[in-house]
Every structure is written in structure tokens, then in C-alpha cells.
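**Q** Give me a 3D structure for the following:
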Amino acid sequence: MSHYSNPCNRSNSIITNDIIDKITKVCNGILANNKDFQLADEYDYGHLVLCVIDSVFSIGVRYQSVKNTINHFCDYYKIEKFPKNEELTNSHILKLMDLYTTDELTEKIFQNKQRTSTKNGIRKSEAVLMFLRVLIKYKVESFKDLDKIITNDKFENEIREIPGQKSGISLKYFFMLAGSEDLIKPDRMIIRFLEHESGKKLSLNDCQLVLTEVSKNLNEMGFKITPKKLDNLIWNYQRTQK
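**A** Okay, the predicted model is just below:
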């Protein structure tokens, strides 16, 4: 698939070369102790709908609950997470889901009652349906169709209008799971790590910028790393820290 050509913009950013160099040094040490690092299984989903579900349900929760939700969904519909052959289209999945009410999807299929936010949030199961409908509106049925929306501002705006999606974190994570090596998911653990190492309060764009530049530095040092892989490496590293 195509990638974002300019995932971040350094103009008007607080990020300096000193910050980039400092974080590069720290990440160099993390990589040196994780030479056999591999991306997690979720980066090999065989159906685009699973990328949607994962990206929506993963915000603000422990990831094990997301895994459980994916497993419940796949078990109910007898879907293989990592199929060797045919990918199910978004329209096919939506037809199956539309046979149920939101409450039924929430309690019977996803078995997850989480909301997109604690205040005025909608059920995440409903947000998944809305996300799928936007994808289908833009004729995105499977992984091969992603080029249609990679740099489409109208698509991005419609996704951000879904309750709980305004920050764009879920959308970035969706593209990561769907294959983009250039994007990161600036969740709490990534932000915490980068703010601790930089000593600065960082925006989502700052976080993207830092990992993009650090990845370039690490590649010049002989590592084979992308912002996507570096994000996941840091996330796993942060899980081990007290």
C-alpha cells in the first residue's frame, strides 16, 4: 500500500536536534537489548475489519481486553484472524453485523461494553459500525483499496466526526495495522516515554515527528527500523518499566 509521504511537519514544532539525538541514543540502547524484536500478531490481520475493531477498541484500555474482543468477534462469525486465502470485504461483514442491534453486538458478539469516552461517549461497537460505513462510502472494501483514502482529508474528517475519534489516534493506528510503516499510535505509554526523555510537553504531531526522525537516525546506524516498529518496540519496553 502507499504510505503517507509527509506524516509530520517540523515547522512550528518544539522538537530540536538535541531532543532527537537524545531519544535516538535511548532507543539505540533499547534496540541493542531487543535484537530479535518482532511486530505483534495484530500487524498481520487478514481482514481490514479487524484493523477497524482493534483501532477503535484499543483506545484508553489494556490491550488484553482488545485481544479478547477480537477473539469474541472472530469466534462468533467463525473468522480466521490470519487467513491464508480470501479476505472478507467490509460490505460482507457489515451485512452480518446489521442483522443485530447495537446492544446485541455489544453484549453477544463483541462482549465488550466499553464506550469511546466516559462523558457522552457511544459504545465502541457502534463506533466500529460507523467507521465501517465511512470506509464503504469511500469504496474501501479490503486492504488493496487503501490507496483511495491514505491522503484523503474528507475521509479523515468523517472518521474524526465519529464520537471518540476526534484526536485521530484511532485513525493513525488503523493505518498502522493496515500496513503503513510511516505512522505511529501516540498512546499514553508512547507519549509518557517521549515526554520523559525530552522533558517537554508533546503534541501528537510532535510524537510522530520524533519517532520519524529517530527512525532515520537508527537506520543510518545500521538498524532496520520504521516508525511503526519503533512505536511498538517502545510500547513493549514501557510495559516492562515500573
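**Q** now the helices: where do they sit in this protein?
**A** Under the criterion DSSP state H, helices of the chain are mapped to 17-32, 48-57, 63-77, 90-97, 102-104, 124-137, 153-160, 169-178, 188-198, 204-220, 227-239.
**Q** List of residues touching the longest one?
**A** In this case it means helix 204-220. With contacts defined as C-beta atoms under 8 Å, 6 or more residues apart in numbering, helix 204-220 is touched by 7-10, 13-15, 19-21, 23-24, 27-28, 31, 167-169, 172, 182-184, 186, 190-191, 194, 198, 200, 202, 225-227, 230-231, 234. In this view, the C-beta of every residue, glycine as well, is placed from N, C-alpha and C.
**Q** now the helices of the chain in JSON lines, with distance to residue 40 and mean neighbour count?
**A** Compiled in JSON lines, those are given as follows (distance: least, C-beta to C-beta, whole Å; neighbours: other C-beta atoms under 10 Å):
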{"stretch": "helix 17-32", "distance to residue 40": "16", "mean neighbour count": "15"}
{"stretch": "helix 48-57", "distance to residue 40": "10", "mean neighbour count": "25"}
{"stretch": "helix 63-77", "distance to residue 40": "9", "mean neighbour count": "16"}
{"stretch": "helix 90-97", "distance to residue 40": "22", "mean neighbour count": "17"}
{"stretch": "helix 102-104", "distance to residue 40": "29", "mean neighbour count": "13"}
{"stretch": "helix 124-137", "distance to residue 40": "20", "mean neighbour count": "21"}
{"stretch": "helix 153-160", "distance to residue 40": "23", "mean neighbour count": "15"}
{"stretch": "helix 169-178", "distance to residue 40": "10", "mean neighbour count": "24"}
{"stretch": "helix 188-198", "distance to residue 40": "14", "mean neighbour count": "17"}
{"stretch": "helix 204-220", "distance to residue 40": "17", "mean neighbour count": "20"}
{"stretch": "helix 227-239", "distance to residue 40": "6", "mean neighbour count": "20"}
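**Q** Tabulate the ones you listed (CSV), appending mean pLDDT and distance to residue 41.
**A** Shown next, in CSV, are those (pLDDT from 0 to 100; distance: least, C-beta to C-beta, whole Å):
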stretch, mean pLDDT, distance to residue 41
helix 17-32, 93, 21
helix 48-57, 97, 11
helix 63-77, 96, 9
helix 90-97, 97, 20
helix 102-104, 96, 28
helix 124-137, 98, 20
helix 153-160, 96, 25
helix 169-178, 93, 11
helix 188-198, 93, 19
helix 204-220, 93, 22
helix 227-239, 90, 11
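**Q** Pull the number of nearby residues for the closest residue to residue 141 other than its chain neighbours.
**A** Using C-beta to C-beta, 6 or more residues apart in numbering and skipping the chain neighbours, the partner closest in space to residue 141 is residue 89 (4.2 Å). Counted with other C-beta atoms under 10 Å, the neighbours of residue 89 add up to 17.
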